[in-house]
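[1] Got a predicted model here, sequence first, then my questions.
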Amino acid sequence: LSRATWGGVIPESGVYTLYVAYRTMENSVTDARYTVHTSSGDRLFLVNQRMGGSMWLCLGDFYFDAGTYEELVTLDNYSTEDGYVVADAVKIGGGMGNIRRDVRPDLK
């Protein structure tokens, strides 16, 4: 089992919106396991990585205590399917909705 881990600094205690991003590939899995490590416990999410690639996907709003964290979010490669689990980015706070990440001038 392999894991990708994202940590960071939470400047003040409160509720923060958490987003994940990944690339969709031909053999992406439909059950990528993200775990959000909140101050009130862990929350597991299964994400279909066959859709929504190159977008910020909102997992929800979570309460975090202020501090520095080695693990705010983890993604492992366990899946019930043969395929790829893609780790890209995590964003905590800021913005609303789904936002395309790979905007190019030739895309309208």
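    Yep, that arrived. Small disclaimer: the values here were computed from a predicted structure and weren't measured. Residues are numbered from 1 along each chain as shown.
[2] List the residues that contact the nearest residue to residue 49 once chain neighbours are set aside.
    Closest residue in space to residue 49, ignoring its immediate chain neighbours: residue 28 at 4.0 Å, by C-beta to C-beta, 6 or more residues apart in numbering. All C-beta atoms are positioned from the backbone trio N, CA, C, and that covers glycine. If you count contacts by C-beta atoms under 8 Å, 6 or more residues apart in numbering, residue 28 has them with 22, 49, 50, 53, 83, 84, 85, 86.
[3] Narrow those residues to those in strands?
    Using DSSP state E to define strands, no part of the contacts of residue 28 is located there.
[4] Contact partners for the residue positioned nearest the centre of the chain?
    Centroid-nearest residue in the chain, with C-alpha atoms, centre = their mean: residue 20, separated by 2.5 Å. With contacts defined as C-beta under 8 Å, 6+ apart, the neighbours of residue 20 are 34, 47, 56, 57, 59, 73, 75, 88, 89, 90, 91.
[5] rewinding a little: in the contacts of residue 28, which residue is surrounded by the most others?
    Top of these by neighbour number is residue 49, holding 26 neighbours under the definition other C-beta atoms under 10 Å.
[6] got a list of what that one touches?
    22, 24, 25, 28, 29, 30, 32, 84, 85, 86.
[7] Check residue 4 too.
    The contact partners of residue 4, taken as C-beta under 8 Å, 6+ apart, are 74, 75, 76, 87.
[8] can you do 10 Å?
    Shown in contact with residue 4 (C-beta atoms under 10 Å, 6 or more residues apart in numbering): 34, 73, 74, 75, 76, 77, 85, 86, 87, 88, 90.
[9] what does residue 77 give?
    Residue 77 touches 1, 2, 3, 4, 29, 32, 33, 83, 84, 85, 86, 87, counting by C-beta under 10 Å, 6+ apart.
[10] who's in contact with residue 89?
    6, 19, 20, 21, 22, 56, 101.
[11] Spell out for me the PyMOL command that would select the buried members of those residues.
    For the buried members of those, the matching PyMOL selection, counting by 16 or more other C-beta atoms under 10 Å, is:
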select buried, resi 6+19+20+21+22+56
